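A.B. asks: Build me a model from this:
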Amino acid sequence: MIKLLDYKKMNKKGQFEAARKTIFWLIMGFIITMIIIAYAILLAGYRNKLTYTPPDMKAEFIALRFSNIPECFAYQEPLTERVYAGSIDLTKFNKGQMDECYFTNKDEGHKDYNFGLTLVKKDLFVATNNYLDQDVFVLEKKVMVWDGTKFEADTLQIKVQVRLGAPST
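C.D. replies: Next comes the predicted model:
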């Protein structure tokens, strides 16, 4: 049978011993809890550092779609349906095609990556729906432009707007 402590029958040394153990375990519980929380924060910070991707690299990956897939601006041969990566079809280089290719939410889209594309030699410009001409950086890609009869070399200048109203990370 388990005996409960009877503090009235305990001597002063025994009472102090019980109080001391209680205080010790309260303090140790608090310290152990703080160590576990600090370790969890440390692991989360480490994971974030390992998986960090610079914003210009993210923008580069997103921007690959503009000249590499036919749903955007890449030229696709009508007969063979072959897609020419790194090409721009001038008949597709317009606002309607841009909205089909990359469209951000009307209300929250300013928090996403937005792009302004310029074909330098042709002096043509098209932008995403939430692009506000407040660039964070500019990417440039050499592309071949299909004008309906032949390919011509040009430069696609991609102006990138990152999270308008918030610092870029």
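
A.B. asks: So which residues of the chain form strands?
C.D. replies: 75-76, 83-84, 87-89, 113-119, 124-127, 137-146, 151-162 (DSSP state E).

A.B. asks: so residue 56 sits right up against residue 139, yeah?
C.D. replies: Yes. With contact defined as C-beta atoms under 8 Å, residue 56 reaches residue 139; the gap is 7.4 Å. Quick note: C-beta positions are derived from backbone N, CA and C, even for glycine.

A.B. asks: Now do the shared contacts for those two.
C.D. replies: Jointly contacting residue 56 and residue 139 under the rule C-beta atoms under 8 Å, 6 or more residues apart in numbering are residue 160.

A.B. asks: picking that back up, out of the strands of the chain, nearest to residue 33?
C.D. replies: strand 151-162 (38.8 Å; C-beta to C-beta).

A.B. asks: Other residues contacting that closest one?
C.D. replies: 55-56, 59, 63, 66-67, 75, 87-88, 113-122, 130-145, 168.

A.B. asks: Centre of the chain to that strand, how far?
C.D. replies: In terms of C-alpha atoms, centre = their mean, to the nearest Å, the centre of strand 151-162 is set 22 Å apart from its chain centre.

A.B. asks: cool, and stretch 135-150?
C.D. replies: Mean C-alpha position of stretch 135-150 versus that of the full chain (C-alpha atoms, centre = their mean) differs by 24 Å.

A.B. asks: The closest residue to residue 103 other than its chain neighbours and residue 95, how far apart?
C.D. replies: Among residues not flanking residue 103 along the chain, residue 129 sits closest, at 5.8 Å (C-beta to C-beta, 6 or more residues apart in numbering). Distance of residue 129 to residue 95, given as C-beta to C-beta, to the nearest Å: 9 Å.
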